[in-house]
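**Q** next input, structure requested:
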Amino acid sequence: MTRRTFAAMTALSYSRVMGANDRLRVGYIGLGNRGDQVHDAFLEHGDAVTTAVCDLREDYMDFAIKKSRATPRKYNDYRRVLDDKEIDAVAISTPDHWHALMFCEAAIAGKDIYCEKPLSLTQKEGRHMVQIAERTKRVVQVGIHRRSAKYLMEAVDYVRSGKLGKVTVARGFHLQNEAPTGIGNFPDTAPPDAKAWDAWLGPAPLVPYNKNRSFYNFRWFYNYSGGQLTNFGVHYIDMLRWALGKDSPRSVTAIGGKFAVTDNREIPDTMEVIWDYGDALITFSQFNANSAPANIQSSDMEIRGTLGTMYLHSNRFEVVPEKVTDMAFPPRTPLDRGVEKAYNPSKKTRIEPLIVKGSNDTAFHARNFIDCVKSRAKCNCSIEDGYLSTSATQLANIALKVRAQLDWDAKAERFTNNEKANQYLGYEYRKPYKLPS
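**A** Next up, the predicted model:
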């Protein structure tokens, strides 16, 4: 059965059971690259209707309307979406620095929310969003869509069952060779539309217009994003800590820099991050000046246990057994090489190799959100899970900024060994923008 066939059958079953008019009316805020993909994911389901679209670009909205199979209203101001009483839920796919403000206002306006990852730009914003969502009792799905992939649910169950043995390290990789040009090195210019540029910046500092600071490439600048660490890293650390059953790190360190590219980015082209989760390490390698495979399977992630290694791909996971022995590692001596030679032959595999195929299509995540809005159940990627995974990457960016290993008190949500690092947990919005309470 194909994904589209499954989605069509699911939508048909809902129309029969709940009535053909019982459709979730969605307003889409932000329709660029990821916003378009999220819109497509919801269009897979017949019990969701595009009621409104909102963006600063007319061409993005027109493109969305053409594929919507409806007659949605067009808004240039997201507040008009929130004021629209015919909208049940919003999908927020704007640049990261807008997420918190739009999310909180949407929750207060009584909308259920699908919010793209990373949840927020800063840790303090993320915690505030959790509090607002809990107080307003909104249904929230954070767009870390691997949480709704059946084969990855099976991967989590496998790891948590102990079949991999004791897991000591789990790793994620973002590998892409962007050297030497990167995203280009464009000069600051007058904005094509000064009013639109001011609106795009929103709560971020007012700076001269630069082509790279706007649509899509904003991810390379810290005022609007946490770079590839929050863009891709959130997906990976969420998957890995989910499998390991971890919440917040005990400490984090990061090192890297802009070593090879000649563009005007602010984020590193090379970086390594290590999170200490108490009895296991999670690492993230961002190599954007070389794209050679990070492991033998060229997988996005790997989980290393004492009995085997799990390689996680976009369409499958594979388990490769380790050979182990209960024999103690022998001290090497010239007087008895036989003991040394007997060590490796004594090793045997204790688990079977395994391959499980699947898909992590965003349509499954959209389906789960629609279902949870109707049932008022908790979504597969709850606001708290989205916060924990997003904040872990934000803490790592702070470690990179202050060049230190940082100890994190998860209960107090502060660093205990570096007061300067605590200053980066949030930022002051540009007036008149203010995060609602």
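
**Q** now G278, nearest residue through space, not along the chain?
**A** Sequence neighbours aside, R250 is the residue nearest to G278 in space, at 5.3 Å (criterion: C-beta to C-beta, 6 or more residues apart in numbering). In this view, the C-beta of every residue, glycine as well, is placed from N, C-alpha and C.

**Q** just the buried positions in the longest strand along the chain, please.
**A** Residue-count comparison of every strand in the chain, with assignments taken from DSSP state E, identifies strand 167-175 as the longest. Of the residues in strand 167-175, those buried under the neighbour-count criterion (16 or more other C-beta atoms under 10 Å) are 167, 169-175.

**Q** mind listing the strands for the stretch 101-250 of the chain?
**A** All strands of the stretch 101-250 of the chain, identified by DSSP state E, counting those that start in this stretch, fall at 112-115, 140-142, 167-175.

**Q** for the spatially closest residue to V319 that is not a sequence neighbour, phi and psi?
**A** With sequence-adjacent residues excluded and distances taken as C-beta to C-beta, 6+ apart, V319 is closest to L354, at 4.1 Å. Backbone geometry at L354, expressed as degrees, to the nearest 10, gives phi -150, psi 140.

**Q** what about L354, neighbour count?
**A** 16 (other C-beta atoms under 10 Å).

**Q** got a list of what it touches?
**A** Contact criterion C-beta atoms under 8 Å, 6 or more residues apart in numbering gives 158, 317-319 as the residues in contact with L354.

**Q** got CSV for the residues you listed, with secondary structure, pLDDT and distance to R146 too?
**A** Listed next are the contacts of L354 as CSV, based on DSSP: H, G, I helix; E, B strand; the rest coil; pLDDT from 0 to 100; distance: C-beta to C-beta, whole Å:
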residue, secondary structure, pLDDT, distance to R146
Y158, helix, 98, 15
F317, strand, 98, 11
E318, strand, 98, 16
V319, strand, 98, 18
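
**Q** out of those residues, which is nearest to N290?
**A** Proximity to N290 was ranked across these by C-beta to C-beta; first place goes to E318, at 24.1 Å.

**Q** quickly find the element holding the residue in the chain sticking out farthest from the centre.
**A** Largest separation from the mean C-alpha position in the chain: L335, at 56.1 Å (C-alpha atoms, centre = their mean). For L335, there is no helix or strand it lies in under DSSP states H and E.

**Q** contact partners for it?
**A** Applying C-beta under 8 Å, 6+ apart, no residues qualify as near L335.

**Q** can you tell me which residues contact R316?
**A** Each residue near R316 by C-beta under 8 Å, 6+ apart is listed here: 151, 355-358.

**Q** quick check: bridge partners of it?
**A** For R316, the beta-bridge partners are K357 (DSSP bridges).

**Q** distance of it from V324?
**A** Shown here: R316 relative to V324, a distance of 25 Å by C-beta to C-beta, to the nearest Å.

**Q** burial count for A399?
**A** The local packing of A399 (other C-beta under 10 Å) involves 25 other residues.

**Q** now it. Its backbone dihedrals?
**A** With angles defined as degrees, to the nearest 10, A399 sits at phi -60, psi -40.

**Q** and for it, nearest residue in space, chain neighbours not counted?
**A** In space, not counting the residues next to it along the chain, A399 is nearest to A254; the distance is 4.4 Å by C-beta to C-beta, 6+ apart.
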